[in-house]
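**Q** Dropping a prediction and its sequence here:
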Amino acid sequence: MSDKVSVIFLPHETICPDGAVIEAEVGSSLCRAALGNGIDIEHACELACACTTCHVHIREGAEFLDEASDLEEDMLDKAWGLDADSRLSCQVLVPDHKLVVEIPKYTINMVSEQH
């Protein structure tokens, strides 16, 4: 098992227009891995699972992730654009398999100063 794995981010209009491939530490938070590689995912609650701003869709590799906690599921119910592949990137621990991630077009962030 490698200690790093590829995570592919699909193109997002403003966050990563060309998409991105990063090498993430296995076991690290997906949100922290993205932020550490220049992918500026919103994270209004500082990764405390108290908002939905870091909501992502895991398009490939979800079967290798731990199940979402009840708290994460409760928060996801409030996310914009929720689907069966939705997760909060602050709660996803990078597995030892490749992931393909899509960042939703919109986020619900009542405190963002960028709006």
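**A** Noted; the coordinates are in hand.

**Q** Just the element for the closest residue in space to Ala68 that isn't next to it in sequence, please.
**A** Distances taken as Cβ to Cβ, 6 or more residues apart in numbering put Arg87 closest to Ala68, at 6.3 Å, once the chain neighbours are dropped. No exception for glycine: its C-beta is placed from N, CA and C like everyone else's. Assigning secondary structure by DSSP states H and E places Arg87 in strand 86-88.

**Q** what bridges to the residue nearest to Ala68?
**A** For Arg87, the beta-bridge assignment (DSSP bridges) gives partners Val56.

**Q** hang on, isn't it packed against Leu65?
**A** Yes - here Arg87 reaches Leu65: they are 7.2 Å apart, a contact under Cβ atoms under 8 Å.

**Q** Residues in contact with both of the two, list them for me.
**A** Among the neighbours of Arg87, those also in contact with Leu65 (Cβ atoms under 8 Å, 6 or more residues apart in numbering) are Ile58.

**Q** between the two, which one's more packed in?
**A** Arg87 (21 against 17; other Cβ atoms under 10 Å).

**Q** Now do the same contact list for that one.
**A** So Arg87 contacts Leu30, His55, Val56, His57, Ile58, Ala62, Leu65, Ala68, Glu72, Leu76 (Cβ under 8 Å, 6+ apart).

**Q** and it, how far is that from Ala44?
**A** The gap separating Arg87 from Ala44 is 17 Å, by Cβ to Cβ, to the nearest Å.

**Q** Check Ala20 too.
**A** 22 Å.

**Q** now Pro11
**A** 23 Å.

**Q** What is the linear distance spanned by stretch 12-20 between its boundary residues?
**A** End-to-end span of stretch 12-20 (Cα to Cα, to the nearest Å): 10 Å.

**Q** Tell me how many other residues crowd the nearest residue to Pro104 once chain neighbours are set aside.
**A** In space, not counting the residues next to it along the chain, Pro104 is nearest to Gly81; the distance is 4.5 Å by Cβ to Cβ, 6+ apart. When neighbours are counted by other Cβ under 10 Å, Gly81 registers 14.
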